[in-house]
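Enquirer: Below are the sequence and a predicted model for it; my questions follow.
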Amino acid sequence: FRPGPAGLCSTIPQLSRGAAWLLLTHTANSFPLSCGVALRGAPAVGSRARLRMSEKPHAETVSTPEVASDAETDPLVQFVVVRRDLLKTMDWPVGSVMAQACHACTAVLWQYKADAEVQAYFNELDSMHKVIKECKGEPQLLNLARALESEQVQFKLWIEQPENIPTALALKPYRKSFAAPFVKKFQLFR
């Protein structure tokens with residue numbers, strides 16, 4: 001076999017089929033597959049075919065009843081908090097404010113890409129849960145960042161450049177029961 005991008009294929013034989021599928025799915029969108037992994041429905045070794053997200057191989061996964069019920073009753077959710085004053089006071093276009101939330105989400109997911117909860121979140125691409133909340137302005141956003149840091153909650157505070165303005169904060173995906181209390185005082189962004 002030939003190693004794929006950044007040597008990822010060399011690690012696949014040690015992974016479970018579900019984890020290998022996640023890794024393949026993640027890399028297949030950007031790189032041609034060039035390693036041999038025996039998953040039913042996956043391209044043949046050396047086929048250089050690309051998988052689309054909708055072409056999920058029929059990998060056999062093992063799920064325990066506790067995991068299945070936990071996911072149903074307490075889903076993984078990514079909470080995002082965006083400054084409302086960017087629209088009201090600073091007159092930013094709606095698209096620019098939306099981009100701030102997207103930047104924060106992308107950055108935190110990349111930063112914690114090896115985290116088990118982030119990988120589980122990626123494993124359910126068609127049913128991701130995000131909750132977008134708003135804060136009044138910069139002081140509230142910075143206070144939230146300090147509170148999360150003191151509780152060792154993983155997040156990304158997005159600071160827009162070159163303006164050097166904190167605009168949005170995204171938590172990595174957590175179980176709703178864990179993360180919701182940290183952002184409960186903020187209203188939904190409307």
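Expert: In hand now; what should we look at?
Enquirer: buried ones in the strand or helix carrying His103?
Expert: Here His103, judged by DSSP states H and E, is contained in helix 94-111. Across helix 94-111, burial judged by 16 or more other Cβ atoms under 10 Å covers Val97, Ala99, Gln100, Ala101, His103, Ala104, Cys105, Ala107, Val108, Leu109. Placement of C-beta: from N, CA and C, glycine included.
Enquirer: just for this structure, where's the confidence low?
Expert: 1-71 (pLDDT under 70).
Enquirer: Would you quantify the distance from Lys178 to Asp91?
Expert: To be clear, residue 178 is Phe; Lys isn't right here. 36 Å (Cβ to Cβ, to the nearest Å).
Enquirer: When those two are compared, which one has more neighbours?
Expert: When Phe178 and Asp91 are compared for neighbours, Phe178 comes out ahead with 14 against 8, by other Cβ atoms under 10 Å.
Enquirer: Look up which helix or strand the more buried one falls in, please.
Expert: Element membership of Phe178, judged by DSSP H and E, is helix 176-183.
Enquirer: Direction included, what does the following helix or strand past that helix pair up with?
Expert: Remark: after helix 176-183, the chain's next helix or strand is strand 187-188, criterion DSSP H and E. With DSSP bridges as the test, strand 187-188 is paired with strand 130-135 (antiparallel).
Enquirer: Give me the residues contacting the strand it pairs with.
Expert: 77-84, 101, 105, 141, 144, 183, 186-190 (Cβ atoms under 8 Å, 6 or more residues apart in numbering).
Enquirer: Now do the closest residue to Gln154 other than its chain neighbours: how many residues are near it, please.
Expert: Spatially, and ignoring its direct neighbours in sequence, Gln154 is nearest to Lys172 (4.6 Å; Cβ to Cβ, 6 or more residues apart in numbering). By other Cβ under 10 Å, 22 other residues sit near Lys172.
Enquirer: gap between Lys172 and Pro93?
Expert: 28 Å.
Enquirer: Then Met128?
Expert: From Met128 to Pro93 the distance is 25 Å (Cβ to Cβ).
Enquirer: Please list all residues in contact with the residue nearest to Lys133 when sequence neighbours are not counted.
Expert: Spatial nearest neighbour of Lys133, chain neighbours left out: Phe186 (3.9 Å); criterion: Cβ to Cβ, 6+ apart. Neighbour list for Phe186: Val81, Lys133, Glu134, Cys135, Gln140, Leu144 [criterion: Cβ under 8 Å, 6+ apart].
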